[in-house]
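Participant: need coordinates for the below:
(one chain, ligands or ions: 2)
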Amino acid sequence: MLNTLRDITQAVAAANTLTAALSLLVVQTKHAMATQCCSIYLLEHQQLVLSATEGLHQSAVGHVRMPLTEGLVGLAAEREEAVNLADARIHPRFKLFPEVEEEEYRAFLAVPIIYQKMVVGVIVVQQPNPRQFSEGEEAFLMTLAAQLAVVIRSLKNKAAITNVQDQVVFNGTTASSGIAIAKGLVLGGVISLEQADLACESIEHETTRVKLAISRSKDMLSAISQRFERDKAEDVASIFSAFKLLLDDSSLGGEYIREVAAGWRAESAVSRVSIRYIDQFLAMDDPYLKERASDIRELGQKVLRQLIEPDRLEFEPETPVILVAKEVDATMLAEFPRHKLAGIVTKLGGVNAHAAILARALGVPALVGVEQVLETNIDNKLLVLNANRGQLLVSPSPAVVAEYQALIRVDAEKQKRFSAELSLPAKTLDGKRIHLYLNAGLLSGIESDIADGADGIGLYRTEIPFMLHQRFPSEAEQIKVYQRVLNAAGDRPVVMRTLDVGGDKPLPYFPIKEDNPFLGWRGIRLSLDHPELFLMQLRAMLQAGGKGKQLQILLPMVSNLDEIDQTIEYLDQAYDELNIELNSMLTRPKIGVMLEVPALLYQLDDVAKRVDFVSVGSNDLTQYLLAVDRNNPNVSSLFDSYHPSILRALKRALDECLLHDLDVSVCGELAGEPYGALLLVAMGYTKLSMNQASLARINYLLRRVSHSQLNQVLTICLSVSNAAQVKQVLFEFTQQHQLEDILH
Ligand code: PEP
Ligand code: MG
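Facilitator: Residues are numbered from 1 along each chain as shown. Ligands and ions are numbered 1, 2, ... in the order given. As a prediction, this is how the structure comes out:
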């Protein structure tokens, strides 16, 4: 049973078009379930359309359609559950469509295909003899429908991608708003087998390159084969081992090398050999041998990928580009030259992942969850990224480009309006002063980070400079970086957070493999397990801080008071050692903890006895309170910092801190969002830390609201039952006060 399910799912997933996939699906399901008829209906504009059948009349495909309120197929979709009937004809919802010629069928089983709560279609099996389908048969069809939902959804999307006037439009989720117009740079997409014929300058050098690419491709194939072997799928494993053999010297691998010896560049050689063999195989009569052409293509692309993109990104494009990739991580973005990055588009990734936060901090528009984006060749094509509306347009017409250029100008003017007030203090209409700080550390050029209007740096994420190294930075290297940050802030305070790697922030030279990285070895946990590294970082911070008063040290991911106590011991040790070594008296910095693990919320009285301040990390607090991985697109709709429980937690955090005389601020993304900032100020927070892109907007907004009005809004927000209602209340407030223009 399991094998049959796997075979059908794999065959359907491998199909290139929706029509091919559905045809395969009905044929194979009918066969597997030994029924006389299998059909699939897809939901289009609230109607179920017969989209493929094996058993009903073919001419009805695409023509028979019914609303959800009609027929038994509609019933399965409407109720979102299986309908299993011994004799469909006697059911009151039975509806006869003469054109499908289903008169002879009586036994009827329909199962809805549902993707993320949404009905995508219905799969139906039928038989002439009246009988109830067995529990096992029903379970089989339900399993199949659940497995196929994602494939069908994605093929449906692909089919829907091309629309208006040959204009290709992809849809995705906004991770960072804004509009960009630039050419696409696709990483990890389909590599074209057709490479230019270029003669090589050094045969020896090109031979080394092609040999290395072949051996890396072989290693990858071995790893895949071993993985299938471990999963006891020996048949699949053998396909990959056979593939690997084709790269041997006696086979294609040798051909590539010989082509280089004939004077071609490695890429050209692989391309030439592949195309030559593909043509030869395609010309053969034997269908089995004909199909081998696709193996040659796949191998050629694998080796070319190793030649063209061996490691993620080692080159700098000439002009700014929109980076398109399966996924980007914080390191990749931190490494990419900012002035060459116009936008980011990824197939995977969540809007609260660190890469998304980084994109927002960089002020770069970004879309995530853009399905099919890698299956279409958009490399080097002109793109318009409209992250405000979650859209990516490919090869737009000059008129469309002009329209977006105008929108970019309007956005820039609005930003200018906000920036013009940045030097004025963030004070509400009724005189409440709010201090706005900067979240920094994400940009490599730190100097440009320090906006004049900020009251200081509220969060300096030290992990980013660590990510940019090939090994742990030395003490001297760290001192230099931290000194630069302190200098750039002038005499304003700087909150430096100790290393918060783990989760979705890996260090390239310190890989951590865990099943649940966000619940694992992260932040202070890792630092305390490596005192040698932790002490080095503390020493570097203390020396950079010197005798000044600017530096404050912040600890990430604290879940236990012991972690604070141990840190203070290490800090004492580093401080005493340095005072002796330098024969001087350094300033002992204030120390604080991130409030991001909910447990700490209930121990703030004890926390207050140990540290000077608390910084609320609303990103992780949301993730851990709601049990939603901030990086997982399957549950991203559940990640919402406006959830009333989060708001209550934030209010409680503030009240507790005030009660215990603890200085408190918020440095999560919420603080930089217009609604978030309004709520936090309403609660009584007076210190918000945010990325530079948000600073001017939030300052401008807060200068136009009054604290007492906000207080009333807060009371309502704390009493409603979900995040959508909270946002509705805030929307109405901004509308009433003509503030909507500031929101986006
Ligand atoms: C947070 O969790 O809110 C926070 C600011 O830290 P980070 O996003 O770096 O995990
Ligand atoms: Mg955090």
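Participant: helix, strand, or coil at N377?
Facilitator: Secondary structure, DSSP: H, G, I helix; E, B strand; the rest coil: N377 is coil.
Participant: distance of it from ligand 1?
Facilitator: According to CB to the nearest ligand atom, to the nearest Å, N377 stands 35 Å off from ligand 1. Just so you know, the C-beta spots here come from the backbone N, C-alpha and C atoms, and that holds for glycine as well.
Participant: you'd agree Q36 is up against A107?
Facilitator: No. Applying CB atoms under 8 Å as the test, Q36 and A107 come out as separate, 9.2 Å apart.
Participant: need the strands for the stretch 401-550 of the chain, in chain order.
Facilitator: Secondary structure of the stretch 401-550 of the chain, counting by DSSP state E, counting those that start in this stretch: strands at 435-440, 457-461, 494-497.
Participant: export those strands to TSV and tack on distance to T587 and mean neighbour count?
Facilitator: Conversion of these to TSV gives the following (distance: least, CB to CB, whole Å; neighbours: other CB atoms under 10 Å):
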stretch	distance to T587	mean neighbour count
strand 435-440	20	26
strand 457-461	17	26
strand 494-497	13	26
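Participant: go through the ones you listed and name the closest to ligand 1.
Facilitator: Relative to ligand 1, the nearest member of those by CB to the nearest ligand atom is strand 457-461, separated by 5.5 Å.
Participant: show me what that closest one packs onto, helices and strands only.
Facilitator: strand 435-440, strand 494-497, strand 687-690 (3 or more CB pairs under 8 Å, 6 or more residues apart in numbering; DSSP states H and E).
Participant: can you name the next helix or strand after the least confident helix or strand in the chain by mean pLDDT?
Facilitator: Sorting the helices and strands of the chain by mean pLDDT, DSSP states H and E puts strand 162-163 at the bottom, at a mean of 46. Sequence-wise, the next helix or strand downstream of strand 162-163 (DSSP states H and E) is strand 167-171.
Participant: quick one: distance of that following strand to the chain centre.
Facilitator: Put simply, strand 167-171 sits 19 Å off its chain's centre (CA atoms, centre = their mean, to the nearest Å).
Participant: over to stretch 357-371?
Facilitator: In terms of CA atoms, centre = their mean, the gap separating the centre of stretch 357-371 from the centre of its chain is 9 Å.
Participant: any idea of the mean pLDDT in it?
Facilitator: Stretch 357-371 carries an average pLDDT of 85.
Participant: spatially nearest residue to the residue nearest to the spatial centre of the chain (excluding sequence neighbours)?
Facilitator: What sits nearest the mean C-alpha location of the chain, by CA atoms, centre = their mean, is G349, with 1.1 Å. Excluding the flanking residues, the one nearest G349 by CB to CB, 6 or more residues apart in numbering is V368, at 4.1 Å.
Participant: what sits against the one you found?
Facilitator: Residues in contact with V368, defined by CB atoms under 8 Å, 6 or more residues apart in numbering, are 172-173, 175, 346, 348-351, 353, 356, 633.
Participant: can you pick the most crowded of these?
Facilitator: Among the contacts of V368, the one with the most neighbours (other CB atoms under 10 Å) is G349, at 30 neighbours.
Participant: is it correct that that residue is in contact with V370?
Facilitator: No. Look at G349 against V370 with CB under 8 Å: they stay out of range, at 9.6 Å.
Participant: what's the farthest-apart pair in the contacts of V368?
Facilitator: G172 and A353 (13.8 Å; CB to CB).
Participant: how about the strands of the stretch 601-744 of the chain, start to end?
Facilitator: According to DSSP E, counting those that start in this stretch, the strands that the stretch 601-744 of the chain contains are 613-616, 663-666, 687-690.
Participant: which one, of the ones you listed, ends up nearest to ligand 2?
Facilitator: Proximity to ligand 2 (CB to the ion) singles out strand 613-616 among the strands of the stretch 601-744 of the chain, at 9.6 Å.
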